[in-house]
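1. got a sequence here, can you model it:
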Amino acid sequence: MRHLLSLLVVTSALTATAHAATVMPLDRATILAGSPFDMKVEFKGVVKEGDVAVTINGKPAAEVLGQPVEFIEKEDGVEASAIRIHGGHILAPGSYKVEAKAGDETKAVTWEVYGTPATAKAKNIIFLLGDGMTVANRTGARIMSKGMTEGKANGRLAMDDLDHMAFVGTSSTNSIATDSANTMSAYMTGHKSAINALGVYADRTKDSFDDPKVETIAEALRRTTKKSVGIVVTSEVEDATPAAVVSHTRKRADKPEIVDMLFKVKPDVLLGGGSAYFLPQSTPGSKRKDDKNYIQMFQGAGYALATDKGELETAKGSNQEKLLGLFHTGNMDFMLDRGFLKKGTVSKFPNQPGLVEMTEIALDRLSKNPEGFFLMVEGSCIDKASHPMDFERSMIDTIEFDKAVGVAREFQRTHPDTLIVTTADHTHGISIIGTIDDDKPGTEMREKVGVYADAGFPNYEDKDGDGYPDRVDVSRRLAIFAADFPDYYETFRPKVDGPFEPAVQNEKKEYVANEAYKNVPGAVFREGNLPRSADTAVHAVDDVVLQAAGPGAEEFKGYMEESDIYRVLADAFALAPAKN
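-> Numbering: from 1, shown residues only. Below you'll find the predicted structure:
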């Protein structure tokens, strides 16, 4: 039954210069019934506490939201006042018109508070995200992995046959563009936010930890269920996407603090890179500025520890319920380097597990909980290769990500009460336009690009049947280019000697084409179309593709915002069951 709560009225005998500038949560916010959130009203001027009254339906806000009102006469670093309510919640679903009045001016927003079915549809959710994965990544991965004959793919990716689909808009609250932080935060909280923000509405103060908080899915599961939580990534575990599962900060760069937030929530399985932020400052390679040893703290909390592939396999058989795996001080290496070329930092971290192995072990561990689990798996390095336009690395990481989707689908076959969701957090301006054929005559690589009928088909092979092309530097390969780029030298070749660095900084602190590639035969200088402050390609604003299968997947359809995705997850788990 839907209920209408009367207006939240913020009144004040103020001058017009002190009217309400912003009400958070913002207009059209969708809020899970019972989920704690911070409310904030920011005024444009300084007012006195006695001039402000906050009521909801004529009643004190503290009575309705269950928390006291805090008045801030002058915010830190801001010549203006604000009202805050920490950790309030609304139990009754409905449409809520919120008004903030100051003098003759009124700021009005509308919130929708929603409940969920009384009974859960799914016991488990596996949420798989290919960071920066575009349609071109999927197409390229399919061609390189499966091959193509007479215009038809010779096989399908695991994600291709997930039977429900939606397009997802990724814009942030302060820009049509986006980054991984606010997009994944919207997936994991149901609230859109600003670029770089995690689990908060971005306010105007400098402190990155005082912004109005909203509940993350991990916190909601801890509050309402006994389900396990798992995070598996190839990035640092403090990076934006994994951090969004648990974190609250305006700045995704607050990685030492994000480790503390991970420790507070304690995901049952946490696998990836980023050990530098777990180690005390006295340890070589540490990026902390204190003496906290989070590896010891996690171990003290009952976690089995793994630092390489062998230890991960050993930990799999341990009796400890929780598992921490940290396999690199920073981001783990690309699959092309880890699995094949042994470039990058593989010589320093030679025994890193892959995303497939980590996903298998996470599912094995999490599925032991009879209450079920939520597992987030990220193919992190698709994005990290797409930025420097290192397209073969990006495609190989997409294949690895799809193999992790295959692991999830295999699990679902024996656990049909599992919902699988596969999506991306944003796109890149990447397109496949044809092929590059080294056997064409001449030395100009540009003339070796084939389009339309001249493109033919690439000649990748997979003779060992592992699902990866045996080589990426074949004689006729995919022609992949970016729509956005800094100054750089296009070599028209895979970067098999090591990860690509297209632009470097000059003495003016501007990014210019990296002359290390200038003398590659056939290389072409491309004048960038991005500001000179950009050293790599950037995210695109294009919608991402979401596909899903399993109980609750039918709710994914048409066009959706990232914040809508959380509502489907909440429905599947019945996180706010309707009361009779």
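
2. what residues of the helix or strand that contains residue 263 count as buried?
-> Assigned by DSSP states H and E, residue 263 falls within helix 255-265. By neighbour count on 16 or more other Cβ atoms under 10 Å, the buried set for helix 255-265 is 255-259, 261-263, 265. Yep, even glycine has a C-beta here, placed from its N, CA and C like the rest.

3. give the rounded mean pLDDT of that helix.
-> What helix 255-265 shows for mean pLDDT is 98.

4. what packs against it?
-> helix 217-224, helix 240-243, helix 294-300 (3 or more Cβ pairs under 8 Å, 6 or more residues apart in numbering; DSSP states H and E).

5. what's the angle from it to helix 217-224?
-> Relative orientation of helix 255-265 versus helix 217-224 (axes from the mean of the first three to the mean of the last three Cα atoms, to 10 degrees): 20 degrees.

6. next one: helix 255-265 to chain centre, how far?
-> 17 Å (Cα atoms, centre = their mean, to the nearest Å).

7. which residues touch that helix?
-> 198, 209, 216, 218-219, 222, 229, 236-239, 243, 245-249, 270, 274, 277-278, 287-290, 292, 294, 297-298, 301 (Cβ atoms under 8 Å, 6 or more residues apart in numbering).

8. buried ones from the residues you listed, can you make that a PyMOL selection?
-> Buried residues within the contacts of helix 255-265, by 16+ other Cβ under 10 Å, are selected in PyMOL with:
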select buried, resi 198+216+218+219+222+229+236+237+238+239+243+245+246+247+248+249+270+274+277+278+287+288+292+294+298
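
9. what's around the residue lying closest to residue 345 once chain neighbours are set aside, how many residues?
-> Nearest in space to residue 345, with sequence neighbours left out and distances taken as Cβ to Cβ, 6 or more residues apart in numbering, is residue 333 at 5.8 Å. Other residues near residue 333 number 27, with proximity taken as other Cβ atoms under 10 Å.

10. look up how far residue 349 lies from residue 333.
-> 7 Å (Cβ to Cβ, to the nearest Å).

11. burial count for residue 506?
-> Residue 506 - counted by other Cβ under 10 Å - has 10 other residues nearby.

12. tell me the pLDDT of it.
-> For residue 506, the predicted pLDDT is 95.

13. what about the closest residue to it other than its chain neighbours, which helix or strand?
-> The shortest distance from residue 506 to any non-neighbouring residue, by Cβ to Cβ, 6+ apart, is to residue 512 (5.1 Å). Residue 512 is part of strand 511-513 when elements are defined by DSSP H and E.

14. centroid residue for the protein?
-> residue 241 (3.2 Å; Cα atoms, centre = their mean).

15. so it makes contact with residue 381?
-> No. Counting by Cβ atoms under 8 Å, residue 241 stays clear of residue 381, with 11.4 Å between them.

16. between those two, which contacts overlap?
-> Among the neighbours of residue 241, those also in contact with residue 381 (Cβ under 8 Å, 6+ apart) are 131, 235.

17. mind checking how far the longest helix along the chain is from the chain centre?
-> Looking across the chain with DSSP state H, the single longest helix is helix 391-414. Centre-to-centre, helix 391-414 and its host chain are 17 Å apart (Cα atoms, centre = their mean).
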